[in-house]
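Visitor: build the 3D model from these lines:
(2 chains)
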Amino acid sequence: MATQDIEKIAKDFNEAYKNIKKRIVICGGTGCIAGGSLDVYKAFQTEMEKRGIACSVEVTKGCRENYLSLSGCRGFCAQGPLVSVGDIFYTKVKVADVAEIIEKTLLKGEVIDRLLYHNPANDQKSKTVADIPFYAKQQRILLADCGRINPEDINEYIAHGGYAQAKRIYLEMTPEQVCKEMIKSGLRGRGGGGFPTGKKWEFARIEPEGKKYVICNADEGDPGAFMDRSVMEGNPNAVLEGMMIAAHAIGADEGYIYVRMEYPLAIKRIRKAIEEAEALGILGENVFGSGKNFKINVMEGAGAFVCGEETALIASVEGKRGMPKVKPPFPAHSGLFGKPTVINNVETLATVAKIFEMGPENFAKIGPATSPGTKTFAVTGHIANTGLVEVPMGTTLRQVINDVAGGTTDSDGTVNPEAFKAAQIGGPSGGCLTKEHFDVPLDFDSLKSAGAMIGSGGLVVMNQKTCMVNVARFFLEFTKRESCGKCVPCREGTDQMLSLLTDICEGRGTLKTLETLEDLAKAVQKASLCALGKTAPNPVLSTLKYFKDEYLAHVVEKRCPAGVCKALASYAIDPAKCKGCGMCKRACPVQAISGNVGKPHVIDPKKCIKCGSCKSTCKFGAVKVGA
Amino acid sequence: MSDRFTPAAQILKDHNYDSAKLIPILQKVQDAYHFLPEDVMRFIANELGISPAKVFGVATFFAHFAITPKGKHIIRVCNGTACHVKGSAAIIDTVKKKLKLKDGQETTEDLLFTLECVSCLGACGLAPVMVVDDVVHGQVTPAKAEEFIDEVIKAEAK
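Guide: Below is the predicted model:
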């Protein structure tokens, strides 16, 4: 089918859009949906119908003055469900608020104070997105359209300049030029490795002509990372356009998007975008009349973290166990079904069209010269504004945590910058950063020299109540489970490291355990086959380096300073709070508690097995867990 | 061919008997049979002309595939990093206790519930997260987790 005139689509859309006086956008990202945003959407529909207010749910010729749409993830997940009416931005909206929003904000333009974002740091309320420090301090290039456009309407993407770059590239540029421009932009792969994207494309381009593939790696498996999910949910067409440009650059006619099955909404939106693009003739045969074809398939991952590794991902697309292979040969030379293949992650591909839009020279000027561009981070954990942020590469940890994300919080949620203990960056492959790294620029090279890695961009902030040994153990539990078992260092090494860490957490560790752990970690790092094994020891080594005292407290004093490791905790009853009800005495499985009714009870530490039953039974909070 | 294999045969046909599509095939078969029974896997291997070992190999490699029957209701507790630092371990403990699951046991004896601990659902902003039959619940506490299970039990009793 011949490609439809995208300029005309854009013009028609913009023309129709002029009818719209007010636009109501409800965040339809996974986070907000879990908070009930779809019910809010429905409530808006019903309420407007009931009141006879003219409202459209799609932009078409002659559409009405109010337009109600969902958007992709707007990144401010902890404040969801998010709703905006024109410029006015509401947080934590419930179905019960909808009638009032229509009555006051939509019809009269009044602002409802209680639904505005309240900044706990300065006790101020923000009326629009631009007033909220979380957004004001970001530089959103990749995420600019997420939350602004309707991800299920390809026309709106086109109206915002979408597919214009793909068209220009297919009709006016040679593959060689495209690769050159990409190299000039300096873009480095956002999946973790940081390999220059343009070079990767060039390697695949110079392979002899014939069948070639483009794969979009959307198997975002790092626990604590959701950048790719948000991009796919919020702007799926940007991913498709990036894949088209990559396909032209290397001469591929077929592509795969490998999405993890844990992301049903992203899968749905990507599939819908592909259908729409095919219907418009943007994807398929004779793309933009260039004589070239490009087809995209979606494959759902079946749940294996190692499939984020490119050779393992390829094996799984081929219908095999997802085990990595020795490189070289690199996929650019021999990839899917033995053909030259380019694999890029979602964020990388979604950036491509933006680079051509702004010009590679201008893109290269953002951030440090060796790692240009912006990077999205999923900031989670003990932090005021959990969510997705996009900042220029090279922004410091301090700026991200304190300025954008609103600062570290205590366990009860109050902001307390002093509570900051560490930030784990790059998931189970990354390392932890401490206060002394607050001014390290977040880019590929600076982080590497700090013993961490940018990874795909997960940033988990941890406060003083977190036990770093336990965190290292947590990551090892993950990598041990996800190790594919092909190479011995990773399969056996992660298992042994985990049992050593468990020994430490449960009070069986000695100084010798720490020594063995460190030696083993270094061996696994050196000898493993793929990046999963090579990076699995990072959490261990970096916590050993920066939190040695905490490890020593566990093995020498048999004490967990954060009070997390159950086996090392000591339980005691606060006589001032104890009412002598006897509940704990009855709950204790080893009769370690004694005391008379109405009098404060005591725990015999010699008999106590630290099960925690007394603490969970006590209604007065009298049982204290000490270090 | 017995009726038992009819759904599998249809799925194989839909995928052109292409052994490269083994994973999508197994995903569909699991949807149809709720898990991957051994005889069905042998049937698939036979039809695709590959060894049963290859099919079992793939089925046991990926976390999503189950080779034992799953419960009617699936409870997934996220134990990703963000959920972990916000206390998902306590929720997992509570659910296990509530469902009387032993260590290593995922499905209850009466096949009513299966508990899956997943690595990350990507809803970190709402940590800790628990999914009951595909409905995502955010900022869950152990008490809330018990309530969700009670609701399902109550609905079942009706």
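Visitor: so what pLDDT did the closest residue to A:G36 other than its chain neighbours get?
Guide: Nearest residue to A:G36 in three dimensions, chain neighbours excluded: A:P81, at 6.0 Å (CB to CB, 6 or more residues apart in numbering or on different chains). Glycine gets a C-beta too; all of them are placed from N, C-alpha and C. As predicted, A:P81 sits at a pLDDT of 93.
Visitor: now do A:T617
Guide: 85.
Visitor: so what's it up against?
Guide: A:583-584, A:586-587 (CB atoms under 8 Å, 6 or more residues apart in numbering or on different chains).
Visitor: distance of it from A:C581?
Guide: Remark: distance between A:T617 and A:C581 (CB to CB, to the nearest Å) = 10 Å.
Visitor: helices and strands of chain B: which one bottoms out on pLDDT?
Guide: Within chain B, no helix or strand scores below helix B:81-85, which has a mean of 83 by mean pLDDT, DSSP states H and E.
Visitor: using PDB, write out every CA atom in that helix.
Guide: The C-alpha coordinates for helix B:81-85 follow below in PDB (Å, rounded to 0.1, in the frame of the first residue of the first chain):
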ATOM      1  CA  THR B  81      14.700  -3.400  44.200                       C
ATOM      2  CA  ALA B  82      12.200  -0.600  44.900                       C
ATOM      3  CA  CYS B  83       9.600  -2.900  46.400                       C
ATOM      4  CA  HIS B  84      12.300  -4.700  48.400                       C
ATOM      5  CA  VAL B  85      13.600  -1.600  50.100                       C
END
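Visitor: other SSEs contacting it?
Guide: Contacts defined by 3 or more CB pairs under 8 Å, 6 or more residues apart in numbering or on different chains; DSSP states H and E place helix B:81-85 against strand A:374-381, strand A:458-463, helix A:468-482.
Visitor: what do you get if the cut-off is 7 Å, keeping everything else the same?
Guide: Under the contact criterion of 3 or more CB pairs under 7 Å, 6 or more residues apart in numbering or on different chains; DSSP states H and E, helix B:81-85 touches strand A:374-381, strand A:458-463.
Visitor: so the longest helix seen in chain B, near chain A or not?
Guide: Criterion DSSP state H: the longest helix present in chain B is helix B:142-157. No - residues of helix B:142-157 contacting chain A under CB under 7 Å from any CB of the partner chain: none, with a closest distance of 8.5 Å.
Visitor: all helices of chain B, in order?
Guide: For chain B, the helices defined by DSSP H cover B:6-14, B:22-33, B:38-48, B:52-61, B:81-85, B:88-99, B:142-157.
Visitor: go through those helices and name the closest to A:V625.
Guide: helix B:88-99 (13.2 Å; CB to CB).
Visitor: tell me the mean pLDDT for the closest one?
Guide: Averaging pLDDT along helix B:88-99 gives 92.
Visitor: packing partners for that helix?
Guide: strand B:73-78, strand B:113-118, helix B:142-157.
Visitor: name the residues that touch it?
Guide: B:75, B:77-79, B:108, B:113, B:115, B:117, B:128, B:130, B:140, B:142, B:145-146, B:149 (CB atoms under 7 Å, 6 or more residues apart in numbering or on different chains).
Visitor: so which of those comes closest to A:E176?
Guide: Closest approach to A:E176 among the contacts of helix B:88-99 (CB to CB): B:C78, at 45.8 Å.
Visitor: and the gap between the closest one and A:T386?
Guide: Distance from B:C78 to A:T386, by CB to CB: 14 Å.
Visitor: follow-up on the earlier one: which one of the helices and strands packed on helix B:88-99 is the most hemmed in?
Guide: strand B:73-78 (a mean of 22; mean count of other CB atoms under 10 Å in any protein chain shown).
Visitor: any part of that strand near chain A?
Guide: No - against chain A, strand B:73-78 shows no contacts by CB under 7 Å from any CB, the least distance being 8.2 Å.
Visitor: what mean pLDDT does that strand get?
Guide: Here the average pLDDT along strand B:73-78 is 92.
Visitor: and stretch A:504-513, by the same measure?
Guide: Here the average pLDDT along stretch A:504-513 is 96.
Visitor: starting at the chain centroid, how far to it?
Guide: Relative to the mean C-alpha coordinate of its chain, stretch A:504-513 is positioned 34 Å out (CA atoms, centre = their mean, to the nearest Å).
Visitor: end to end on it, go ahead and measure it.
Guide: Chord length of stretch A:504-513, first to last residue, is 8 Å (CA to CA, to the nearest Å).
Visitor: do the same with stretch A:97-112
Guide: Its start and end residues considered, stretch A:97-112 measures 10 Å (CA to CA).
Visitor: tell me the buried residues in that stretch?
Guide: Judged by neighbour count (16 or more other CB atoms under 10 Å in any protein chain shown), stretch A:97-112 contains these buried residues: A:97-98, A:101-102, A:105-106, A:112.
Visitor: any idea how many residues pack against the closest residue to A:L187 other than its chain neighbours?
Guide: Closest residue in space to A:L187, ignoring its immediate chain neighbours: A:T197 at 4.6 Å, by CB to CB, 6+ apart. Residues near A:T197, counting by other CB atoms under 10 Å in any protein chain shown, number 28.
Visitor: what does A:K585 give?
Guide: 18.
Visitor: contacting residues around it?
Guide: Counting by CB under 7 Å, 6+ apart, A:K585 touches A:593, A:595, A:601.
Visitor: so of the residues you listed, which ones are in helices?
Guide: Among these, no member falls in helices (DSSP H).
Visitor: who are the contact partners of residue 118?
Guide: In the absence of a named chain, this looks at chain A. With contact taken as CB under 7 Å, 6+ apart, A:H118 is in contact with A:K125.
Visitor: chain B is the one I meant
Guide: A:262, B:76, B:78-79.
Visitor: distance check, it against A:R481.
Guide: Distance from B:V118 to A:R481, by CB to CB: 11 Å.
Visitor: ditto for A:I401
Guide: The gap separating A:I401 from A:R481 is 29 Å, by CB to CB.
Visitor: quick one: which of the two has more around it?
Guide: A:I401 (24 against 14).
Visitor: these two touch, right, that one and A:V461?
Guide: Yes - with contacts counted by CB atoms under 7 Å, A:I401 reaches A:V461, the gap being 6.1 Å.
Visitor: and for those two, which residues touch both?
Guide: Common neighbours of A:I401 and A:V461 (CB under 7 Å, 6+ apart) are A:383, A:408, A:423.
Visitor: sweet, I'm off.
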